[in-house]
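Trainee: fold the following.
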Amino acid sequence: MAKPSIENLRGIGDVASVYRWNMSFSKSPSVDGFPSSEDINLRCESVTLPSISIEPVTIQIRGHKVFQPGIIDYGGTFSLTIIETIDNKISDMIKGWREACWEVDTGKGKPKADIEANIKLERLDNEDNTIWTYELIGCWLQSVDGLTLDSTTSDPMRVTLTLQYDYYKESA
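Mentor: Next up, the predicted model:
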């Protein structure tokens, strides 16, 4: 096989960009003060894509070893980094979702069906048409990170949410 030429490279077409995407809640949790998908999408700075790994099955007989694909392990978590605004929509969302999972004062929580969300991530082409979709099923708030205030930068307040999910579907 010959080394690719510049004309080969020119012929591959438009590349998928990491900054062309949307996220939305196809099912929001039943949580007080939960903002709209549009509000979250507008403030969402970055998101990690879901991942899977296929666990190998090892077959070893009389000194010979081979591998076959086994059970799929959905990565289980992904994160969203969201910029907070002075209306505290994100802080209210986090507090409401966290309290729905585990009330600090009582230790009670809402039923799993009420705290779960389904989240759709769409990769877009240069004309903002969807080229690939991931739908994460059974998402709930696992942890919150990034609430550091300081006096050395003029950065916006960023909060990183780690969400647990059961599985995901993907399609073109």
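Trainee: how about S17, nearest residue that isn't a chain neighbour?
Mentor: Nearest residue to S17, sequence neighbours excluded (CB to CB, 6 or more residues apart in numbering): N126, at 7.6 Å. The way it works is simple: take the backbone N, C-alpha and C, and place the C-beta from them, glycine included.
Trainee: check contacts around the one you found.
Mentor: D14, S17, R20 (CB atoms under 8 Å, 6 or more residues apart in numbering).
Trainee: next, format these as JSON lines and append secondary structure.
Mentor: Shown next, in JSON lines, are the contacts of N126 (DSSP: H, G, I helix; E, B strand; the rest coil):
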{"residue": "D14", "secondary structure": "coil"}
{"residue": "S17", "secondary structure": "coil"}
{"residue": "R20", "secondary structure": "coil"}
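Trainee: doesn't K65 belong to a strand?
Mentor: Yes - per three-state DSSP, K65 lies within a strand segment.
Trainee: can you count the residues close to the residue nearest to it when sequence neighbours are not counted?
Mentor: Leaving aside its sequence neighbours, K65 sits nearest to T58 (CB to CB, 6+ apart; 6.4 Å). Other residues lying near T58 total 9 when counted by other CB atoms under 10 Å.
Trainee: what strand or helix carries T58?
Mentor: Element membership for T58 (DSSP states H and E) is strand 52-61.
Trainee: I'd assumed I131 was in contact with L124.
Mentor: Yes - the criterion here is CB atoms under 8 Å, and L124 meets it with I131 at 6.4 Å.
Trainee: ranking the contacts of N126 by neighbours, who comes first?
Mentor: R20 (15 neighbours).
Trainee: so where's this structure shaky on pLDDT?
Mentor: Residue ranges of the chain with pLDDT under 70: 146.
Trainee: for it, longest strand please?
Mentor: strand 130-145 (DSSP state E).
Trainee: so what's the gap between that strand and the chain middle?
Mentor: Offset of strand 130-145 from its chain centre (CA atoms, centre = their mean, to the nearest Å): 4 Å.
Trainee: remind me what the next helix or strand after it packs against, helices and strands.
Mentor: Downstream of strand 130-145, the next assigned helix or strand under DSSP H and E is strand 158-164. The helices and strands touching strand 158-164, judged by 3 or more CB pairs under 8 Å, 6 or more residues apart in numbering; DSSP states H and E, are strand 77-83, helix 89-101, strand 130-145.
Trainee: output those in CSV; the columns should cover distance to E170.
Mentor: Formatted as CSV, the helices and strands packed on strand 158-164 follow (distance: least, CB to CB, whole Å):
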stretch, distance to E170
strand 77-83, 13
helix 89-101, 25
strand 130-145, 5
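Trainee: nearest to V47, out of those?
Mentor: Closest to V47 of those, according to CB to CB: strand 77-83, at 5.1 Å.
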